[in-house]
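[1] could you work out the structure for the sequence below:
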Amino acid sequence: MASVVQFIKESYEEMTHKVTWPTWGELQNSAVLVLVASFIIGVIIFAMDKGANFVLDTFYKSLN
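    As a prediction, the model looks like this:
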């Protein structure tokens, strides 16, 4: 049990004194970057889905 308490104390010490936290501006820039990248990836996946759907619909209609 003492090792768990020691681990928590060392973790707290590291998080409060040794970690370099980003500034508010850096955090906002990173958040915007993640949102833009997520949107772009979402659009790419949407386009791939619609393209595959079009190809499969065309293929199945040609079999009739």
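
[2] how long is stretch 1-21 end to end?
    30 Å (C-alpha to C-alpha, to the nearest Å).

[3] quick one: it to chain centroid distance?
    27 Å (C-alpha atoms, centre = their mean, to the nearest Å).

[4] rounded mean pLDDT for it, please.
    Averaged across stretch 1-21, pLDDT comes to 90.

[5] neighbouring contacts of that stretch?
    Applying C-beta atoms under 8 Å, 6 or more residues apart in numbering, stretch 1-21 turns out to have no external contacts. In short, each C-beta sits where N, CA and C put it, glycine included.

[6] what comes up buried for it?
    For stretch 1-21, the neighbour count (16 or more other C-beta atoms under 10 Å) marks no residue as buried.

[7] show me the longest helix that occurs in the protein.
    helix 24-63 (DSSP state H).

[8] now find how far off-centre that one is within its chain.
    Going by C-alpha atoms, centre = their mean, where helix 24-63 is centred and where its chain is centred differ by 14 Å.

[9] buried stuff in it?
    Buried, per 16+ other C-beta under 10 Å, within helix 24-63: nothing.

[10] give me the mean pLDDT for that helix.
    97.

[11] from here on, call the first residue 51.
    Will do, 51 is the new start, and the previous item becomes helix 74-113.

[12] from the contact counts, what lies against it?
    Where contact means 3 or more C-beta pairs under 8 Å, 6 or more residues apart in numbering; DSSP states H and E, helix 74-113 is not packed against any helix or strand.

[13] for M98, give its distance to I90.
    As judged by C-beta to C-beta, to the nearest Å, M98 and I90 stand 13 Å apart.

[14] what does V69 give?
    Counting by C-beta to C-beta - V69 and I90 are separated by 31 Å.

[15] same question, V84
    Applying C-beta to C-beta to V84 and I90 gives a distance of 11 Å.

[16] can you check S61 too?
    36 Å.

[17] and what of T66?
    37 Å.

[18] same check, this time on E76
    21 Å.

[19] now do N103
    20 Å.
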